[in-house]
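In: Here's my sequence, what's the structure:
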Amino acid sequence: MKKHFLFSLMMLIIHSMQAQWSVEHLSTARSWIGAVTAQNQVYFAGGYIEDVVGTMTRRIDIYNNTTGIWSIDSLSEPRGDIGVAYINNKIFFAGGTTNGFGSSKITDIYDITTSSWHVDSLQTYQGSAVPAVINNKIMFAGGTTPGGNGVTKTVSVYDDATGLWSKDSLSLARFGHGGAAIGNIAVFAGGYTNTSTYPTTNRVDIYNASTGLWTTATLSQARGNIAAIAHGTKIYFAGGLVSVNTGVLSDKVDIYDVTTATWSTATLSQKRRNIAVASLGDEIFFAGGERTFNTMTPSDRVDIYHVTTNTWTTDTLPVPQDAAVGASVGNKIMIAGSEDYLAHSFSDVVNVFTSTTIGMSETSINGILAVWPNPSKDKITIRIPYEIPGGRIAVYSINGQFQFEQRLLPGKTEIDISQLPKGIYFVRFMNDSIVDVSKIIKN
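Out: Predicted coordinates:
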């Protein structure tokens with residue numbers, strides 16, 4: 001494999017979502033892709049290329065947001081439905097569905113610091129495992145597996161502090177569920193409880209890393225193929241299929257606030273499942289999906305939730321997409337791949353939303369970062385509150401060029417900026433749940 005996987009964060013915070021849509025193309029048409037953003041590049045990994053006998057691909061398409069150029073890499077084996085996660089300079093491509101609709105426990109791991117790859121293993125076979133990063137651990141939860149009802153409740157847990165794997169368990173075996181983490185809390189919701197009749201569940205498993213305990217809750221509506229995304233202090237579970245027998249789809253968005261442990265709901269403008277999700281600044285995009293179960297019609301609908309104003313708007317994809325994946329990079333959201341199930345055809349389309357208005361505030365946007373002295377000519381001190389889990393800061397130039405990245409712990413950290421040319425820079429902090437940006441001047 002080529003050694004060009006480097007992790008990064010979204011370069012810029014988007015305040016005004018004036019934008020335009022365009023279309024790019026993958027090198028191979030496919031669906032159910034894994035995606036990760038790394039060093040201003042997006043990696044679209046694996047996926048289905050044929051759905052009658054179940055054929056997957058090893059292909060990784062890489063989009064460089066700085067140059068606008070695509071390149072190609074590959075996984076160690078063909079897989080779709082891959083769980084993708086990043087932790088402490090390592091990118092994980094875990095499990096998935098193999099050729100013939102089998103399940104895999106292979107995990108391809110790229111270590112950014114040593115520029116090396118190695119192959120590891122989940123604790124069991126897990127297709128469609130749902131990843132969540134919590135503190136120094138990655139949890140790959142549930143998914144499809146050989147035997148029994150075809151589903152597992154295993155949670156394969158990787159501890160980056162030790163480099164070791166362990167096993168935990170959901171309260172209910174399932175796949176097609178959604179999951180995400182904020183701070184010390186990971187939440188896994190909904191899904192199907194077997195692979196023969198596809199009964200849906202409203203079960204929610206909540207893991208608290210501070211106590212090591214699991215609790216359960218319920219969604220407002222049982223459903224599978226549910227989309228999930230974390231933003232700020234909340235996790236959003238959107239859409240899904242309510243029943244295979246009736247073909248009823250859902251327009252529900254169940255929202256869990258990890259700070260108050262309370263639930264609320266919102267409504268999409270169109271019922272659908274297999275929605276691609278991504279966020280840009282304070283906007284969350286719920287894009288495409290399957291809008292009719294019986295005719296399996298792809299949707300071109302985009303529901304956009306504006307977090308700051310607590311309002312919703314809609315937009316339209318240039319090309320309808322079902323079973324696509326969403327990712328954000330720089331000032332773009334990219335929705336990649338698709339499948340027409342009735343025609344057994346796949347799409348190479350990448351619908352790209354590009355913001356045309358970019359800006360950052362003079363001070364910390366969310367009031368988390370404290371940076372001083374500012375201006376400075378050699379060193380700055382960055383402080384994050386002790387109650388905020390540590391994360392990373394990345395420094396970018398005024399035109400968005402990445403300069404360097406450094407890990408932060410709660411409290412004060414001194415950063416050397418003496419090698420930077422004079423000018424204006426942005427310091428961006430991100431952990432598993434929080435994003436904040438501050439503007440600095442180098443004299």
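In: which residues does Leu157 bridge with?
Out: In this structure residue 157 is Val, not Leu. Met139, Ser166 (DSSP bridges).
In: Pull the contacting residues for it.
Out: Gln123, Lys137, Ile138, Met139, Phe140, Trp165, Ser166, Lys167, Asp168 (C-beta atoms under 8 Å, 6 or more residues apart in numbering). In short, each C-beta sits where N, CA and C put it, glycine included.
In: Name the nearest of these relative to Phe188.
Out: Met139 (8.4 Å; C-beta to C-beta).
In: Confirm for me that the closest one is in contact with Ser166.
Out: No. Applying C-beta atoms under 8 Å as the test, Met139 and Ser166 come out as separate, 10.1 Å apart.
In: Compare these two (neighbour count), which wins?
Out: Set Met139 next to Ser166 and count neighbours by other C-beta atoms under 10 Å: Met139 wins out with 24 against 12.
In: Surely Gly100 and Val53 touch.
Out: Yes. Contact criterion C-beta under 8 Å: Gly100 and Val53 qualify, at 6.6 Å.
In: Of the contacts of Val157, keep whichever come out buried.
Out: Gln123, Lys137, Ile138, Met139, Phe140, Trp165, Asp168 (16 or more other C-beta atoms under 10 Å).
In: will you turn the residues you listed into CSV that also has pLDDT?
Out: Formatted as CSV, those follow (pLDDT from 0 to 100):
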residue, pLDDT
Gln123, 98
Lys137, 92
Ile138, 95
Met139, 97
Phe140, 98
Trp165, 97
Asp168, 98
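In: biggest separation within the residues you listed, which pair?
Out: Of all pairs in these, the most separated under C-beta to C-beta is Gln123 and Lys137 at 13.2 Å.
In: just the contacts of Val157 now: which is nearest Leu75?
Out: Phe140 (16.0 Å).
In: For that closest one, which residues are in contact?
Out: 83, 85, 94-95, 122, 126, 129-131, 155-158.
In: Lowest-confidence entry in those?
Out: Lowest pLDDT of those: Ala85, 89.
In: Please give the element, helix or strand, for it.
Out: Assigned by DSSP states H and E, Ala85 belongs to strand 83-87.
In: That strand pairs with which strands?
Out: Partners of strand 83-87 in its sheet, by DSSP bridges: strand 90-98 (antiparallel).
In: quick one: buried residues of the following helix or strand past the partner strand?
Out: As assigned by DSSP H and E, the chain's next helix or strand after strand 90-98 is strand 102-111. Buried residues in strand 102-111, counted by 16+ other C-beta under 10 Å: Gly102, Ser103, Ser104, Lys105, Ile106, Thr107, Asp108, Tyr110.
In: count of neighbours near Asn245?
Out: Per other C-beta under 10 Å, the neighbour tally for Asn245 reads 9.
In: Could you look up the SS state of it?
Out: The three-state assignment at Asn245 reads coil, by DSSP: H, G, I helix; E, B strand; the rest coil.
In: Do you know the pLDDT at it?
Out: 95.
In: Kindly report the same for Ser433.
Out: We have a pLDDT of 63 for Ser433.
In: And for the one 4 residues further on?
Out: In the predicted model, Val437 carries a pLDDT score of 82.
In: And for Asn184?
Out: 90.
In: Likewise for Ile255?
Out: 98.
In: again with Gln221
Out: Gln221 is assigned a predicted lDDT (pLDDT) of 98.
In: cool, Ser121 as well?
Out: Reading off the model, Ser121 has pLDDT 98.
In: you'd agree it is up against Ile106?
Out: Yes. Using C-beta under 8 Å, Ser121 makes contact with Ile106 at a distance of 6.6 Å.
In: hmm, back to that, closest to Trp214 among the buried residues of strand 102-111?
Out: Lys105 (22.5 Å).
In: What sits closest to that closest one if chain neighbours are left out?
Out: Counting by C-beta to C-beta, 6 or more residues apart in numbering, Leu122 is the residue found nearest to Lys105 once chain neighbours are left out, at 4.1 Å.
In: picking up where we left off before, now do the strand holding Ala85 against strand 102-111, angle only.
Out: Angle of strand 83-87 versus strand 102-111, following axes from the mean of the first three to the mean of the last three C-alpha atoms, to 10 degrees, is 20 degrees.
In: outside of strand 83-87, which residues touch it?
Out: 7, 34-36, 38, 45, 91-96, 126, 128-133, 136-138, 140, 143, 158, 160.
In: Now, of those, which are buried?
Out: Counted by 16+ other C-beta under 10 Å, the contacts of strand 83-87 give 7, 34-36, 38, 45, 91-96, 126, 128-133, 137-138, 140, 143, 158 as buried.
In: so where is this protein shaky, pLDDT-wise?
Out: Low-confidence segments of the chain, defined by pLDDT under 70: 1-19, 39, 356-367, 386-387, 398-401, 432-433.
In: give me that answer again for 50
Out: Residue ranges of the chain with pLDDT under 50: 1-18, 357-363.
In: residue ranges of the helices in it, please?
Out: Along the chain, counting by DSSP state H, no stretch forms helices.
In: rewinding a little: pipe the buried ones among the contacts of Val157 into a markdown table and attach distance to His306 per row.
Out: Formatted as a markdown table, the buried ones among the contacts of Val157 follow (distance: C-beta to C-beta, whole Å):
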| residue | distance to His306 |
| --- | --- |
| Gln123 | 40 |
| Lys137 | 32 |
| Ile138 | 30 |
| Met139 | 30 |
| Phe140 | 32 |
| Trp165 | 40 |
| Asp168 | 36 |
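In: nearest to Gly337, of those residues?
Out: Phe140 (21.4 Å).
In: Fine by me, thanks again.
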